[in-house]
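1. Here is my input; please provide its structure:
(chains A, B, C and D)
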2 protein chains.
Amino acid sequence: MSIPTQISDTDLFRALAHPARLEILDFLRDGEHCVCEIMPALGYRQAYISQQISVLREVGLVQERRAGARVYYRVCEPTIYVILDSARKLKPVAAPLSVNAPQKETVLVC
Amino acid sequence: MSIPTQISDTDLFRALAHPARLEILDFLRDGEHCVCEIMPALGYRQAYISQQISVLREVGLVQERRAGARVYYRVCEPTIYVILDSARKLKPVAAPLSVNAPQKETVLVC
DNA sequence: CGCAAGTATTCAATTTTTTGAATATATTGA
DNA sequence: TCAATATATTCAAAAAATTGAATACTTGCG
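-> Numbering: from 1, shown residues only, chains lettered A, B, ... in the order given. Just a heads-up that it's a prediction; the model follows:
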């Protein structure tokens, strides 16, 4: 119940390191949506979506707006889309690991 | 032992969701460094650094260059610094959660 | 009030991640 | 070849994340 004064960068990345949460964030790109709209769009159970959204809320990525029995969520940090898009633009150069020539040099003991 | 053809965005964020790995990435901002340089700079054990670097390697963020007994690591995806810097620029607005006025509107059953 | 729709929370079992310890591998030089 | 330096890997115990199930809460309406 403490007021989350400052969210650490690792906490933010942890929140993003989850497929369903990324789907939710993507679904909120065009503005706010309530859980009952997200549910059929992404095909998850209601409780599951609430759980994941609560993680996004904890790190301050989304904000809620109550409208009757419904709660509309919206991303309150547009910067996360910069982050998401940058992450997806990363090249898939994951492997090669070109081990170059030994490159003789003065070797000092660490 | 498979060739990591494509790294998912969640895998990338998972790799970033760790304080020591972020420290390593930050330390590599100014270019390549070997484990024995990272060790004293960050104050972690050798094996620990190797473990964390191996995670960064798996997602293709760093590349190695052997020079004698040493292995120099460098970030091969400069874009991650865009991501890191963007993440840190996020406002700490994590809490307020201004629950607005109910805002009467036509309510449809989901 | 009582019910139904919409949403949130709690709990437990499973899975994954973390991390220290031990050990293995690679390279260089005597 | 042996020893020393540098790095990587393996393993197991602890900690944390995931997720389904059950349940609680909130709102509006009759």
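2. How much space separates the residue nearest the centre of chain A from residue A:55?
-> Central residue of chain A (Cα atoms, centre = their mean): residue A:16, 2.5 Å from the mean position. Using Cβ to Cβ, to the nearest Å, residue A:16 is found at 10 Å from residue A:55. C-beta: built from backbone N, CA, C; applies to glycine.
3. Just checking the distance from the lengthiest helix in chain A to the centre of its chain.
-> Looking across chain A with DSSP state H, the single longest helix is helix A:46-58. Distance of helix A:46-58 from the chain centroid (Cα atoms, centre = their mean, to the nearest Å) equals 12 Å.
4. buried ones in it?
-> Residues of helix A:46-58 classed as buried by neighbour count (16 or more other Cβ atoms under 10 Å in any protein chain shown): A:49, A:52, A:53, A:55, A:56, A:57.
5. who's in contact with the fifth one?
-> When contacts are counted by Cβ atoms under 8 Å, 6 or more residues apart in numbering or on different chains, residue A:56 is found next to A:15, A:21, A:24, A:25, A:62, A:73.
6. On the three-state scheme, the residue of chain A found nearest DNA strand D is what?
-> Residue of chain A nearest DNA strand D, by Cβ to the nearest atom of the strand: residue A:110 (3.0 Å). Secondary structure for residue A:110, judged by DSSP: H, G, I helix; E, B strand; the rest coil, is coil.
7. Figure out the helix or strand that the closest residue to it other than its chain neighbours lives in.
-> Once flanking residues are discounted, residue A:110 sits nearest to residue B:36: 3.5 Å by Cβ to Cβ, 6 or more residues apart in numbering or on different chains. Element membership of residue B:36, judged by DSSP states H and E, is helix B:35-42.
8. and that helix with DNA strand D, contact?
-> Yes. Contact of helix B:35-42 with DNA strand D (Cβ under 7 Å from any atom of the strand) involves B:35, B:36, B:39.
9. now the angle from that helix to helix B:46-58?
-> Helix B:35-42 and helix B:46-58 meet at an angle of 110 degrees, taking axes from the mean of the first three to the mean of the last three Cα atoms, to 10 degrees as the criterion.
10. now the helices: where do they sit in chain A?
-> Under DSSP H, chain A gives helices at A:9-16, A:19-27, A:35-42, A:46-58, A:79-89.
11. any chance of those in TSV, plus distance to residue B:8 and mean pLDDT?
-> Output for the helices of chain A, formatted as TSV (distance: least, Cβ to Cβ, whole Å; pLDDT from 0 to 100):
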stretch	distance to residue B:8	mean pLDDT
helix A:9-16	12	98
helix A:19-27	8	98
helix A:35-42	17	98
helix A:46-58	17	98
helix A:79-89	10	96
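12. Please identify which of the ones you listed is closest to residue A:66.
-> helix A:35-42 (11.8 Å; Cβ to Cβ).
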